[in-house]
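S.K.: show me how the following folds:
(one chain, ligands or ions: 1)
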Amino acid sequence: MSEKESILAKVHFPEDIRRLGLAELNDLAREIREMMIATVSRRGGHLASSLGTVELTLAIHYVFDTPRDRLVWDVGHQAYAHKIITGRKECFDTLRQKGGISGFPKREESLYDVFDVGHSGTSISAAAGMAEARCLKGDDFRIIAVIGDGAISAGMAFEGLNWTGDRRKNMIIILNDNEMSISPNVGALSSYLNRIMTGQTVTRIRTEVKTFLKSVPGIGEQMLKFSRQVEESLKTFFVPGAIFEELGFTYVGPLEGHRLDHLIKNLKNVRKLEGPVLVHVVTQKGKGYRFAEDDPSRFHGTPPFDIDTGESFAAGRSPAPSYTDVFGRTIVALAHEDPRIVAITAAMSEGTGLDRFAREFPARFYDVGMAEQHGVTFAAGLATQGFVPVVAIYSTFIQRAYDQIIHDVCLQKLPVVLAMDRGGFVGADGPTHHGLFDFAFLRTVPDIIVMAPKDENELQHMLKTAVTCGCPVSLRYPRGAGAGVPLDEHPRPLPVGKGEILLDPPDAALAVVAIGACVHPALAAAELLKAEGIPIRVINARFVKPLDGELLCGTAEKLRRVITVEENTLMGGFGSAVLELFAEAGISGVAVRRLGIPDEFAQHATQKELRRLYGIDAEGIAAAVREMVGV
Ligand SMILES: Cc1ncc(C[n+]2csc(CCOP(=O)(O)OP(=O)(O)O)c2C)c(N)n1
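M.R.: Model prediction:
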């Protein structure tokens, strides 16, 4: 398409689209999709969700006066069209790149992004807060929250609905229903939404049957009367959205989410309604790109891919299996040996590697939806009855369930295993998704074991340790490929609270004590330093809690210089634990330097770039050693 014919070329901000006619808007939707597919094919990102909301995004910005009217996205992974038409078209190619635009709405990026997001279920509560603020300020802007049928299964979304329906403030919640979370959606609400849609079909069929019956002389009238009686008794079935009406919302829908005329007409009416309104919009995940329509789960969050074939690029892929993969295989092997093992995911069966478990042990597998809090306490309930639940939730999302971990798991010393993938930097998803806090917030909880494997082989052994130790355990491992080490055939339990010395040259200048994914870089640093004549001891701590006091204190007393390395926030993290250990043990005169993430939110960039930036890769560790020994 030439520059001249392009509608998108003329669109920079929502005011530009408000001047367009329907045909032009439809062309614009097509061009936006093309841009998204082209960009995500190079950059990776959340394609399927964003393809599904193109018309909805255009209709909202067309009808409402954004940014004066506040548009709040839930999760925010479906907001690429929003980014493109709100001043970020020119830099859209920098999506998720270091220094480029974020993959999620971000207040500091644009006036049109009114709330930072990444985790699910926040939109209704945030919008409700804005509604109260509007009243306090005496203002009259509109507030629109857009939430998916997956995200609305989060506990907080229910809390927000409960509040909003009661407060009766003007607020519009748009439920973007594509029947998918990352995988097909689960839960009673999802089934209910599904029945609404089936109800629509039934309504259509019913109208056709009525017309037919009316056309049959005599008998037709009788039949029609009977069918009306049946219909009355099935009223809730035929009145879509009754559940939302009961909660205090005006329900509008279901609307066809890819018909701009339909959306615009209905949203214009919705705009005039008072009180809380729930607009149910039905969309298709992956709409407009064949491969994403056929396999929306794979294109939910995709690495770069070939547009013509839909295949992800193999370049850059490691021959080593991912931690996720090794976790997925090991948990299946362990479950074969131990019938007490059950597995729980919060809407991430593929992401956590539990899809394999789900296939092998469907009766022992639970997808609780995007409901981490429920998932953890649900696991605690299972544990009270003699089961060993393994709750596989990414480090960043387990933050949601902190009180459940303390109050429902640890206080009762229940043997729940928190298998936390994506511990450390996740890369392009950025600050909402980095798993940089779990060492700090979990090691302060009594009776939990906190561990992190140095590689995928140790992950197997730690998982075995976790399911056999009989107490609460957190086991965190990084996103991506393992170190490529050989895998032992049989996982074996490790001694709890014991680290290991990996390198111990007789004339070591100092000790580097690393945990988890930082151990191999520490070994690589030792190699670099050896060539420079600086021998160092390298310790794999394995446990953040309990710490190996004997090994660490002995090392401090012998070498007097210690560097700790972790892919976690420094405040309260592993290095802090080591400092506390030394203080408690009365060890003085030991120089300790802690490497990790300082007191700031790390932004989006590749894992490699971030490890370099924060000085926890081999180069960074080596530099810290040189500094400490004064060369
Ligand atoms: C608290 C939390 N848990 C898990 C996730 C991971 N996640 C991101 S999007 C998504 C599915 C979202 O489904 P839905 O809200 O229906 O939106 P769709 O992608 O289908 O448009 C999941 C599970 C998250 N972002 N936040």
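S.K.: which residue sits closest to Ile448, ignoring its sequence neighbours?
M.R.: Leaving aside its chain neighbours, Ile448 sits nearest to Pro472 (4.4 Å; criterion: CB to CB, 6 or more residues apart in numbering). C-beta: built from backbone N, CA, C; applies to glycine.
S.K.: distance of the one you found from His407?
M.R.: Note on Pro472: its distance to His407, by CB to CB, to the nearest Å, is 12 Å.
S.K.: more neighbours: these two, which one.
M.R.: For Pro472 and His407, the more surrounded residue by other CB atoms under 10 Å is Pro472, and the numbers stand at 27 against 13.
S.K.: give me phi/psi at that one?
M.R.: Per-residue torsions, Pro472: phi -70, psi 140 (degrees, to the nearest 10).
S.K.: contacting residues around it?
M.R.: Contacts for Pro472 were tallied using CB atoms under 8 Å, 6 or more residues apart in numbering; they are Ile405, Val409, Cys410, Lys413, Leu414, Pro415, Val416, Val417, Leu418, Asp447, Ile448, Ile449.
S.K.: if the last one is in a bridge, with which residues?
M.R.: When assigned by DSSP bridges, Ile449 has beta-bridge partners Val473.
S.K.: settle this for me: it is touching Val473, isn't it.
M.R.: Yes - using CB atoms under 8 Å, Ile449 is in contact with Val473, at 4.7 Å.
S.K.: what ranges do the helices span in the stretch 501-631 of the chain?
M.R.: Taking DSSP state H, counting those that start in this stretch, the helices of the stretch 501-631 of the chain run over residues 519-531, 549-559, 574-584, 607-613, 618-629.
S.K.: actually the stretch 251-400 of the chain, sorry about that
M.R.: With helices called from DSSP H, counting those that start in this stretch, the stretch 251-400 of the chain shows them at 260-272, 290-294, 323-337, 349-352, 355-360, 372-384, 395-398.
S.K.: CA atoms of the second one as PDB?
M.R.: Just to be clear, that refers to helix 290-294. The C-alpha trace of helix 290-294 is given here as PDB (Å, rounded to 0.1, in the frame of the first residue of the first chain):
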ATOM      1  CA  ARG A 290      -4.500 -17.200  10.300                       C
ATOM      2  CA  PHE A 291      -1.800 -18.800  12.400                       C
ATOM      3  CA  ALA A 292      -2.800 -16.900  15.500                       C
ATOM      4  CA  GLU A 293      -6.500 -17.700  15.000                       C
ATOM      5  CA  ASP A 294      -5.600 -21.400  14.700                       C
END
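S.K.: does any part of that helix sit near the ligand?
M.R.: No - using CB under 6 Å from any ligand atom, helix 290-294 stays clear of the ligand, coming no nearer than 11.4 Å.
S.K.: quick one: that helix to chain centroid distance?
M.R.: Distance of helix 290-294 from the chain centroid (CA atoms, centre = their mean, to the nearest Å) equals 22 Å.
S.K.: make 44 the first number, not 1, from now on.
M.R.: With the count now opening at 44, the last piece we talked about shows up as helix 333-337.
S.K.: quick one: buried residues of it?
M.R.: Phe334, Ala335, Glu336 (16 or more other CB atoms under 10 Å).
S.K.: nearest to the ligand among these?
M.R.: Within those, the smallest distance to the ligand is 11.4 Å, found for Ala335 (CB to the nearest ligand atom).
S.K.: quickly note the distance from the nearest residue to the closest one once chain neighbours are set aside to the ligand.
M.R.: With sequence-adjacent residues excluded and distances taken as CB to CB, 6+ apart, Ala335 is closest to Gly329, at 3.1 Å. Gly329 sits 10 Å away from the ligand, going by CB to the nearest ligand atom, to the nearest Å.
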